[in-house]
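Q: sequence plus predicted model, see below.
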Amino acid sequence: MAVAILLLLIAIASVLFHLLSPWWWTPLASNWHYIDDTITLTFWITGAVFSAVVVFMAYCVFRFRHKEGRRADYNPENKKLEGWLTIATAVGVAAMLAPGLVVWHQFVTVPADATEIEVMGQQWMWSYRLPGKDGRLGTSDARKISAENPMGLSPNDPNGQDDIVIQNDDLHLPVGKPVKVLLRSIDVLHDFYVPEFRAKMDMIPGSVTYYWFTPTRAGTFDVLCAELCGSAHAQMRSKVIVEEEKDYHAWLEKQRTFAELSGQPNVAKAAYKTKSE
Amino acid sequence: MVDIPLDTVAGIPPAEVGEVELYHPRSWWTRYVFSQDAKIIAVQYSITAMAIGMVALVLSWLMRLQLGFPGTFSFIDANQYLQFITMHGMIMVVYLLTALFLGGFGNYLIPLMVGARDMVFPYVNMLSYWIYLLAVVVLVSTFFVPGGPTGAGWTLYPPQAILSGTPGQDWGIVLMLASLILFIIGFTMGGLNYVVTVLQGRTRGMTLMRMPLTVWGIFTATVMALLAFPALFVASVMLLLDRLLGTSFFMPTLVEMGQLTKYGGGSPIMFQHLFWFFGHPEVYIVALPAFGIISDLISVHARKNIFGYRMMVWAIVGIGALSFVVWAHHMYVSGMNPYFGFFFATTTLIIAIPTAIKVYNWVLTLWRGDIHLTIPMLFALAFIVTFVNGGLTGLFLGNVVVDVPLSDTMFVVAHFHMVMGIAPIMAVFGGLYHWYPKVTGRMLNEGLGRFHFWVSFLGAYAIFFPMHYLGLLGMPRRYHDIGETSFVPASAHDLNAFMSIAALIVGFAQLVFLFNLVWSLFKGKEAGGNPWGAASLEWQTPETPPAHGNWGKELPIVYRWAYDYSVPGAGRDFVPQNEPPAGLSAQGSHP
């Protein structure tokens, strides 16, 4: 009896905890409400199954617990029942999988108008690179990294001369503009993680990974590293500041280009301009 | 050689070959230490696994202390925290659960349950234990070498695992890889024994479709392990070469603390593919024996035949096969080609179907049963609750786009602890309470057992159920201290402290269990040969504990499946597998 009640209590308490607890995902700051919707749907389906199984167990323990003279039924198989349960499960699984794959398709399809930016991880700080007025990022190579060239840009690539290099400082993004984030690491695995954006991806030395999102509201968001990267993993922090386009441009004007950083003032003299100007 | 019996009992083929003479121990040393008896080896495996498991339990206390009360304990710093999580994870998954299920339960139960006198290769079986012990010793030694154990995380991902920004990159990682290599060598010796014994060592009448589900679970898990561990083996060897000889299998061109390294051209993702090609089947290498044990416990203690035996067998085999095409669901945000996500999400969610069938069949076995709420039954019920909980959260992480925000957060930690920590441990405890009387001839203490059960089950649930919500919140895993953030409210820290206190209490209950194991050995109630009234073969030995060779003069002959409980018309509510069909007792029997 006590066992049956406790099983029932576990089911009820789990559901109540889900409904009442103050711990829930952070307010969304990107276009990925589709992901939140898929999670909500998954909670509904899995929550129903969990409650059904545990309540059924509680009932069985209550109803069929041992009493003097009770004898269990003998029924090794019921193909029809098992068949129906299998079909119902398959339907439930498909109901979660299908929307999940549709949203994943959106996730891997980068919009054509997305601006490419680069995030570089290293033990244990974040650097960022924004395309200059040509709108293109120059090539880079880990072997070119030096004190003057912390991101290892190729000095001979003209596309890279006007790139904005932000070492160990905050990243600013304009609100409402899709960005394709190119992710790079020069030492170990890192993961550029901003909880409010939902999207994230590991950064692998030797290759460039990516994802895209559109910031949907202004604000300052914490950047954390989500892939174990060594001793100071927990201290690897930065901030993303999403702001109106006007403020963004004002900030951009103050940043330095790769050419300026590598001591070529003439090349960089033409101040940064965006495509819209 | 023994004479081959020529008589044919109805439906039972005559033996095709005679019995092989067993090696008989001549001294105390060969009987109890360098034993070739699978039962002794099983006990050796179990004790060693539990001992190293205690180390991992203490490490989890230290981690929970740090997480619950960051900054309070000066003896835990960021490096040590990483070392604790690494060793805790590796020990629990490989050195405790794999060794206990396959080396412990497998060695004890397979020969007894299929009616064999011993494993087919007893000497190799003995070697498997001693190499396992060596692997454990090498692992433990890393606590005492310069730099301490590796802090690379239990997945040991390169380049981090071997670069200088990681604790234990000096000796720790080298010894860890050496220990894994040894473990796999030892396991392969044991594993070949389990597979060959199941396929070739069964007694007459023990068809594959009459085997208890425990044997099916362990057998399938072993086949999987023999296919999956080689991937870890080669990954370990290659990583060791990268570390020691400067090869670059997994190492691209990279800069270490501002300096360009000698490495170049390798691929870190390649390691992850090898690791998870082992790592995902590993989840089921632990889960399938648990599934089998739970099936047997529920059937025995509900006095009812297991519902849908054939489906249960095919579900075990199906899960085993499918688990080899889902590994990359651990790598959705690893930077692999994003189009793999479609394939791996689909295969991963398909596994939910055979898994769900198993759950349905367990609860339908309870339906109209005669449920005895013994301690093994309580643990079986707890297994179902925690396994269903953890399995369902697996659907979040398997569904690729839902995984994106949740991966690398505490949600993942909560999920895998529920599904492959707590649930299998519940099966381990249920199995230990169930079979302890066969191993020792005595029952475990009932009162201590109930205390152990309630504290472990409710306590573990209280730790890991709320933890999912910290993950939803965005709290990353592998952080010794979350520090200042804009998104973690103060209440989340209180929740963390609560979970840590629960963890300390649950840990204490395990000490009570260990005490019970030792105390009952001397003071426990005499059990008799078959205290639960179980039908499967291991309970029908002429002696308890079973003597060397298990079956006395003659091997048993099996006439029915292992689940003839409450057969209509039969006198008792169980019919042992080796009871010849006579009169009513055969009626209604499963073939």
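A: The structure has been received and is ready for your questions.

Q: can you count the residues close to the closest residue to chain A within the stretch 351-500 of chain B?
A: For the stretch 351-500 of chain B and chain A, the shortest gap (C-beta to the nearest C-beta) falls at residue B:474, measuring 3.0 Å. C-beta coordinates here come from the backbone N, C-alpha and C atoms, glycine included. Applying other C-beta atoms under 10 Å in any protein chain shown, we find 25 residues neighbouring residue B:474.

Q: just checking, it touches residue A:25?
A: Yes - assessed by C-beta atoms under 8 Å, residue B:474 is found in contact with residue A:25 at 6.8 Å.

Q: between those two, what contacts are shared?
A: A:195, B:405 (C-beta atoms under 8 Å, 6 or more residues apart in numbering or on different chains).

Q: now residue 95. Nearest residue, chain neighbours left out?
A: Answering for chain A, as no chain was given. residue A:45 (6.2 Å; C-beta to C-beta, 6 or more residues apart in numbering or on different chains).

Q: chain B was what I was after
A: Closest to residue B:95 by C-beta to C-beta, 6+ apart is residue B:52, at 5.1 Å.

Q: same check on residue B:426?
A: Per C-beta to C-beta, 6+ apart, closest to residue B:426 is residue B:383, 4.1 Å.

Q: please apply the same query to residue B:373.
A: residue A:3 (5.5 Å).

Q: kindly report the same for residue B:251.
A: residue B:263 (3.6 Å).

Q: using the three-state scheme, assign that neighbour.
A: coil (DSSP: H, G, I helix; E, B strand; the rest coil).

Q: might one say that it is in contact with residue B:248?
A: Yes - here residue B:263 reaches residue B:248: they are 4.6 Å apart, a contact under C-beta under 8 Å.

Q: which neighbours do the two have in common?
A: In contact with both residue B:263 and residue B:248: residue B:242, using C-beta under 8 Å, 6+ apart.

Q: can you pull the contacts of residue B:423?
A: Shown in contact with residue B:423 (C-beta under 8 Å, 6+ apart): B:287, B:290, B:383, B:386, B:387, B:390.

Q: now render those residues as TSV, adding secondary structure and distance to residue B:344.
A: Shown next, in TSV, are those (DSSP: H, G, I helix; E, B strand; the rest coil; distance: C-beta to C-beta, whole Å):
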residue	secondary structure	distance to residue B:344
B:287	helix	19
B:290	helix	24
B:383	helix	27
B:386	helix	25
B:387	helix	22
B:390	helix	19
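
Q: adding distance to residue B:69, write those out as a markdown table.
A: Formatted as a markdown table, the contacts of residue B:423 follow (distance: C-beta to C-beta, whole Å):
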| residue | distance to residue B:69 |
| --- | --- |
| B:287 | 33 |
| B:290 | 33 |
| B:383 | 31 |
| B:386 | 26 |
| B:387 | 31 |
| B:390 | 27 |
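
Q: what's the closest of those residues to residue B:508?
A: residue B:386 (19.5 Å; C-beta to C-beta).

Q: and the residue nearest to residue B:95, what does it touch?
A: Contacts of residue B:52 (C-beta under 8 Å, 6+ apart): B:91, B:95, B:96, B:136, B:139, B:140.

Q: the second one reaches residue B:184, doesn't it?
A: I take that to be residue B:95. No - with contacts counted by C-beta under 8 Å, residue B:95 stays clear of residue B:184, the gap being 11.9 Å.

Q: now the residue nearest to residue B:95: which helix or strand?
A: Using DSSP states H and E, residue B:52 sits in helix B:38-68.

Q: now do residue A:239
A: Using DSSP H and E, residue A:239 falls within strand A:238-243.

Q: before we move on, what about residue A:127?
A: Using DSSP H and E, residue A:127 sits in strand A:125-130.

Q: quick one: name whatever helix or strand follows the host helix or strand of residue B:394.
A: Element membership for residue B:394, per DSSP H and E: helix B:375-398. Per DSSP H and E, the first helix or strand lying C-terminal to helix B:375-398 is helix B:400-406.

Q: now do the buried residues in whatever helix or strand comes next after that next one.
A: Note on helix B:400-406: by DSSP H and E, the next helix or strand toward the C-terminus is helix B:410-417. For helix B:410-417, burial by neighbour count (16 or more other C-beta atoms under 10 Å in any protein chain shown) applies to B:410, B:411, B:412, B:413, B:414, B:415, B:416, B:417.

Q: packing partners of helix B:410-417?
A: Packing partners of helix B:410-417 (3 or more C-beta pairs under 8 Å, 6 or more residues apart in numbering or on different chains; DSSP states H and E): helix B:375-398, helix B:446-473.

Q: of all the ones you listed, which one is nearest residue A:168?
A: Among the helices and strands packed on helix B:410-417, the nearest to residue A:168 by C-beta to C-beta is helix B:446-473 (27.1 Å).

Q: residues near residue B:159, how many?
A: Applying other C-beta under 10 Å, I find that residue B:159 has 31 neighbouring residues.

Q: contact residues of the stretch 151-277 of chain A facing chain B?
A: A:183, A:186-189, A:191, A:193, A:195-196, A:198-207, A:209, A:220-222, A:224-235, A:237 (C-beta under 8 Å from any C-beta of the partner chain).

Q: show me the beta-bridge partners of residue A:173.
A: On the basis of DSSP bridges, residue A:173 is bridged to residue A:242.

Q: who are the contact partners of it?
A: By C-beta under 8 Å, 6+ apart, residue A:173 lies in contact with A:117, A:179, A:215, A:240, A:241, A:242, A:243, A:248.

Q: filter the residues you listed to the buried ones?
A: Buried among the contacts of residue A:173 by 16+ other C-beta under 10 Å: A:117, A:179, A:215, A:240, A:241, A:242, A:243, A:248.

Q: any stretches of the chain with poor pLDDT?
A: No chain specified, so I'll use chain A. Low-confidence segments of chain A, defined by pLDDT under 70: A:264-277.

Q: um, chain B though
A: Counting by pLDDT under 70, the ranges of chain B that qualify are B:1-11, B:582-591.

Q: looking at this, residue B:337 is in a strand?
A: No - read with three-state DSSP, residue B:337 is coil and lies in no strand.

Q: spatially nearest residue to residue B:334, not counting backbone neighbours?
A: Nearest to residue B:334 is residue A:202, by C-beta to C-beta, 6+ apart, at 5.0 Å.

Q: how about residue 220, nearest residue that isn't a chain neighbour?
A: Chain wasn't specified; assuming chain A. Nearest non-adjacent residue to residue A:220 (C-beta to C-beta, 6+ apart): residue A:241, at 5.1 Å.

Q: hm, I was asking about chain B
A: Residue B:220 sits nearest to residue B:320 (C-beta to C-beta, 6+ apart), 4.4 Å away.
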